[in-house]
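Novice: Kindly return the folded structure for what I paste below:
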Amino acid sequence: MKMKIEISILVILLLLVSGLSYAKDRQGVVIFKINLNAQKGSNNARLWLPYPLSEEHQRIENLTIEGNFDNASIYREQKSGAIYHFSEWRGASDSKTLEMSFKVKAEERIIKDLRDTNDPVPEEIKQYLKSDPWIPTDGGIKEIADKITHDKKGILEKSRAVYDWVVENTYRDPSVKGCGLGIVEQMLIKRGGKCVDISSVYIALARAAGVPAREVFGIRLGKKSEQEITNDYHCWAEFFLPGTGWIPVDPADVRKIMLAENLSLKEAKKYREYYFGAVDEFRIALDRSGRGLKLLPLQESGPLNYLMYPYAEIDGKPLDYLDPKNFNYTVTFKAL
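Specialist: This next block holds a predicted model:
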């Protein structure tokens, strides 16, 4: 007995010294059901759906896609490498359905002891510094970023300064449809929005300050044993720290918790600290393909703002993916 106790204490000490810890996780089955039958009088239907992949902190297994589509393929988005599933129904039909299911294990991700090595940004990461129509970094946005970071040195200090500014100067607006549109200029005037809006402001200001940053489009896993998660899509951000890699940040969740629990900035300190460098286990990433997407086959309605929700066109006209009831899709989660 004495030997067992001594061994147990030794193991605990080794874990403490090495900094290792067991990550919390969430496991279950996610099922997407899409039914385009409600689009009466339609002939041709096309559907694009994010195709989740395993990565360091999430494992996707037993992914299946079933439906009565006439054609289906898997495509890779050219710029980001993100994967999505395309399906097509040709001609008039009383039934246009698809179901995607998979088993998932998601782990909490906490990155401690962040340090700025002052290493250069790798060439392949520099695309996440660029300005574009969806994430502008010039004009007034650049002016704000310069004011926020004028006395900061290095990527880590600048990324934290931008994060703190976004937490302090935005708020969650429950009236915004879905996760929002992420129109940065409008958001900087209004200051209120949902997760895509708040994350987009962080990314634009970070890039303008010289910090590589990108969106992560995903969905929350239910906290109950079984529940519908159709309205639980979520977007957060990541910045790139040379020498470490991509670091998660989620100012939108800080503001969501503040609203839900009626907290002041001071009272929300623990959440503010947690979501700089960490994300909880109740989420998975679906897509990191960015904004203004030209999908394959090319959609008829012009560049897509972002691919997080299912996206469909009926006879060339897009359905509103922010309105799951009229689009007619559901997502459910069952814990294992």
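Novice: Not counting sequence-adjacent ones, nearest residue to Glu55?
Specialist: Residue nearest to Glu55 in three dimensions, not counting chain neighbours: Ala285, with 6.9 Å by Cβ to Cβ, 6 or more residues apart in numbering. No exception for glycine: its C-beta is placed from N, CA and C like everyone else's.
Novice: ditto for Leu263
Specialist: Ile257 (6.8 Å).
Novice: quick one: which helix or strand includes the one you found?
Specialist: helix 251-261 (DSSP states H and E).
Novice: picking up where we left off before, phi, psi for the residue nearest to Glu55 please.
Specialist: Note on Ala285: its backbone torsions stand at phi -80, psi 130 [degrees, to the nearest 10].
Novice: Repeat that for Val196.
Specialist: phi -70, psi -40.
Novice: Which residues are in contact with the closest residue to Gln127 other than its chain neighbours?
Specialist: Nearest non-adjacent residue to Gln127, counting by Cβ to Cβ, 6+ apart: Lys79, 7.6 Å away. With contact taken as Cβ atoms under 8 Å, 6 or more residues apart in numbering, Lys79 is in contact with 127, 289-290.
Novice: circling back to that earlier point, let me know how buried the residue nearest to Leu263 is, in neighbour terms.
Specialist: Ile257: 17 surrounding residues under other Cβ atoms under 10 Å.
Novice: isn't it right up against Lys269?
Specialist: No. Taking contacts as Cβ atoms under 8 Å, Ile257 lies outside contact range of Lys269: 11.5 Å.
Novice: any residues in contact with both of these two?
Specialist: Here Ile257 and Lys269 have no joint contacts, going by Cβ under 8 Å, 6+ apart.
Novice: ok, back up a step: adding secondary structure, write the contacts of Lys79 out as JSON lines.
Specialist: What follows is the contacts of Lys79, written out as JSON lines (DSSP: H, G, I helix; E, B strand; the rest coil):
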{"residue": "Gln127", "secondary structure": "helix"}
{"residue": "Ser289", "secondary structure": "coil"}
{"residue": "Gly290", "secondary structure": "coil"}
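Novice: Pull out the buried members of those residues.
Specialist: Burial by neighbour count, judged by 16 or more other Cβ atoms under 10 Å, picks out 289-290 from the contacts of Lys79.
Novice: Dump the contacts of Lys79 into JSON lines; add pLDDT and distance to Thr149 as well.
Specialist: As requested, the contacts of Lys79 are exported to JSON lines (pLDDT from 0 to 100; distance: Cβ to Cβ, whole Å):
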{"residue": "Gln127", "pLDDT": "95", "distance to Thr149": "21"}
{"residue": "Ser289", "pLDDT": "86", "distance to Thr149": "28"}
{"residue": "Gly290", "pLDDT": "90", "distance to Thr149": "23"}
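Novice: Quickly name whichever of the contacts of Lys79 is closest to Lys325.
Specialist: Closest approach to Lys325 among the contacts of Lys79 (Cβ to Cβ): Ser289, at 25.7 Å.
Novice: Can I get the contacts of Lys79 in JSON lines including distance to Ile135?
Specialist: Output for the contacts of Lys79, formatted as JSON lines (distance: Cβ to Cβ, whole Å):
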{"residue": "Gln127", "distance to Ile135": "11"}
{"residue": "Ser289", "distance to Ile135": "13"}
{"residue": "Gly290", "distance to Ile135": "8"}
